[in-house]
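Engineer: Test case, fold it:
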Amino acid sequence: MAIVTCQDLRLSFGVHPLLDQASMSLEAGERVGLIGRNGSGKSSLLRILAGLERADSGELRRQQGLRLVYVAQEPQLGGFDTVFDAVAEGIAEARALREQFEQHAPGADLDALQTRIELLQGWNWEQRVQEVLQRLGLDGAARVQALSGGQQKRVALAQALVASPDVLLLDEPTNHLDLEAIVWLEELLKGFRGSVLVISHDRAFIDAVVTRIVELDRGVLRSYPGNYAAFEQRKARELADEALAQARADKLLAQEEEWIRRGVEARRTRSVGRVQRLQELRRQRVARREVLGSVRLELDRGDAGGRVVAELQGVSKSFGERQIVRDLSAIVLRGDKVGILGPNGAGKTTLLKLLLGELAPDRGRVRQGTRLQVAYFDQMRAALDPEATLADTISPGSDWIEIGGARKHVSAYLGDFLFPPSRARSPVKSLSGGERNRLLLARLFARPANVVVLDEPTNDLDMDTIELLEQLLQEFSGTVFLVSHDRRFLDNVVTSTLAWEGPGSWREYEGGVEDWLLQRQRATQAQAAAQAASRAPQPAPSAPVAAPAPAAAARRKLSYKEQRELEQLPARIEQIEQEQRALTERLADPTLYRDAPQEVAAMRARFDALDGELESAMQRWQELDDAAG
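Structural biologist: Residues are numbered from 1 along each chain as shown. Below you'll find the model as predicted:
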């Protein structure tokens, strides 16, 4: 049964309407994911459903007595002193009615007041607030102004839940939440008894929570049963069918335009009908809204740099009594893609600064690689000047930029990131959150770099752009440091993970988030089994047991031969890399395939063999280096 229905909604702010005869319904108990490109009108639709905005035309129907709560993308909690006060605002009506009843307000209908208070469960509102605070792990006495972005998001959710709504409208609820909080929110929403309509670009979150996808595409709402994975398959087929139909229509239009240019015998009925059909084809072509273009991402790798990007040996860092990193040893090599996982406030940014040499450790040693060119994506967008124009942000003082040795006009480059030429001189402050992230990516990729640092790059980006960014990073031959709470994005990009495991404790794992979770689960199970075995009663030994021999030291003195091998390995690795570069240049030469095609197979086989030799040499170097200490 539909509890919220909108029909033929229309909303316009520019050339194309954001909503163009858009219609949808929300059933009782279902969880719907609302997706679409940045700027397509998703947030506006959510505010219309919440009653905070009005459409230009159309009809909105809601079930009588429906309790509907909207949680904005950026919660506004400035008017509250404590967390308890902010959460209690969610049942402001119940509080006011109970206060009115207790004061026996003159002229008040006490029976009607009592009925309304009971309906809103207002007699025990303090207990309800405390229960929600405990459920969400919030301190009611904490000051709102001292909270982080993720904590403020929890407070806004608590404010919504305490109202016991029938419908929750959530706009990007996972922004500013860490991984643990996102998993917590998933479980909360799956157990919520009412209906949920959520805007999110976190594909893993959408897959875990929703039962139906609604896409806002070129002003029209389309419904797809199932989760995001099912939507992707069906949408791909629809876009292919749409492209084929449009190609046929364009071909027919071109044929009719050619016919009309040759002249028409207007008196013939058949010709008049054909002219009318041509006019209809022209009208349909003008009215057609094309699929929005995709961002074109290209990263100039710059100089290859050294083999070692960063090496940490016994590194520790504290701020006062708060320890951020304790006795961490790790090595990052060229081409590694490292994910950094941890809750908000764990010290991920501090760890990044240690790796990049921007911060000195209290103890231990940090060795930086040579010829590093670092490009930094900051989640707070501190690199953007709100008063500067888009063109000056990309290329200050010039209309041209150089990407990979090719010269390109700044307006054309901005067009690759879906900014039309008319906006090149617009100020940064006029952009939405998603557009600012796109501009920051454009600025990042306009500079040559062999080390890319991305701090929460997926916030406010639409799914298409996120997938293109994934592909770019997968193909990038340089080094990537990635801080993100988007599990799908991390799993598709990183090759290893530095995970926070308690105050100051960081541990390296192979693979992405799923690999980390699996390895951590196995370690926890092994630890539990060991503890259970230690608690079990041990049988008395029949004879004294000899003490075990002490374990061999992890580090040892290398033999003369091993020492010589260790000294020669860097030169050997460099030699292999030089031969690979020469082969790459030769295989990229089109004249090879014309003049000596018989040599191509041998060259490719040699290149693959060199790959194996390089991997073996680097592994042997690591073994000897670790043994030597």
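Engineer: Next up, the contacts around Leu66.
Structural biologist: Neighbouring residues of Leu66 by CB atoms under 8 Å, 6 or more residues apart in numbering: 3-4, 166-167. Quick note: C-beta positions are derived from backbone N, CA and C, even for glycine.
Engineer: Could you find which two of those are furthest from each other?
Structural biologist: Val4 and Asp166 (9.3 Å; CB to CB).
Engineer: which neighbours do these two share?
Structural biologist: 63, 66, 68, 195.
Engineer: next one: phi and psi at the second one?
Structural biologist: Dihedral angles phi and psi of Leu66 (degrees, to the nearest 10) take the values phi -70, psi 130.
Engineer: pLDDT at it, what is it?
Structural biologist: If you check Leu66, the pLDDT there is 90.
Engineer: swap in the last one?
Structural biologist: As summarised for this prediction, Ser195 has a pLDDT of 95.
Engineer: again, but for the first one
Structural biologist: You'll see Gln63 listed with a pLDDT of 92.
Engineer: Is Lys408 bridged to anything, and to what?
Structural biologist: Applying DSSP bridges to Lys408 gives these bridge partners: Ile401.
Engineer: What is the neighbour count of it?
Structural biologist: For Lys408, the number of neighbouring residues by other CB atoms under 10 Å comes to 17.
Engineer: pretty sure it is touching Glu402, no?
Structural biologist: Yes: using CB atoms under 8 Å, Lys408 is in contact with Glu402, at 7.5 Å.
Engineer: Contacts only, for the residue nearest in space to the middle of the chain.
Structural biologist: Centrality entry for the chain: nearest residue to the mean C-alpha point is Thr458, 3.0 Å, by CA atoms, centre = their mean. By CB under 8 Å, 6+ apart, Thr458 lies in contact with 201-202, 466, 469, 484, 486, 489.
Engineer: What of Ile3?
Structural biologist: 26-28, 62-63, 66, 166-167, 195.
Engineer: if you set the cut-off to 10 Å instead, what comes out?
Structural biologist: Going by CB atoms under 10 Å, 6 or more residues apart in numbering, Ile3 touches 25-30, 61-64, 66, 68, 166-167, 194-195.
Engineer: Quick check on those residues: which are buried?
Structural biologist: For the contacts of Ile3, a burial check counting by 16 or more other CB atoms under 10 Å picks out 25-26, 30, 62, 68, 166-167, 194-195.
Engineer: got JSON lines for these, with secondary structure and distance to Arg520 too?
Structural biologist: Putting the buried ones among the contacts of Ile3 into JSON lines (DSSP: H, G, I helix; E, B strand; the rest coil; distance: CB to CB, whole Å) gives the following:
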{"residue": "Ser25", "secondary structure": "strand", "distance to Arg520": "42"}
{"residue": "Leu26", "secondary structure": "strand", "distance to Arg520": "38"}
{"residue": "Glu30", "secondary structure": "coil", "distance to Arg520": "34"}
{"residue": "Arg62", "secondary structure": "strand", "distance to Arg520": "45"}
{"residue": "Leu68", "secondary structure": "strand", "distance to Arg520": "39"}
{"residue": "Asp166", "secondary structure": "coil", "distance to Arg520": "38"}
{"residue": "Val167", "secondary structure": "strand", "distance to Arg520": "37"}
{"residue": "Gly194", "secondary structure": "coil", "distance to Arg520": "34"}
{"residue": "Ser195", "secondary structure": "strand", "distance to Arg520": "35"}
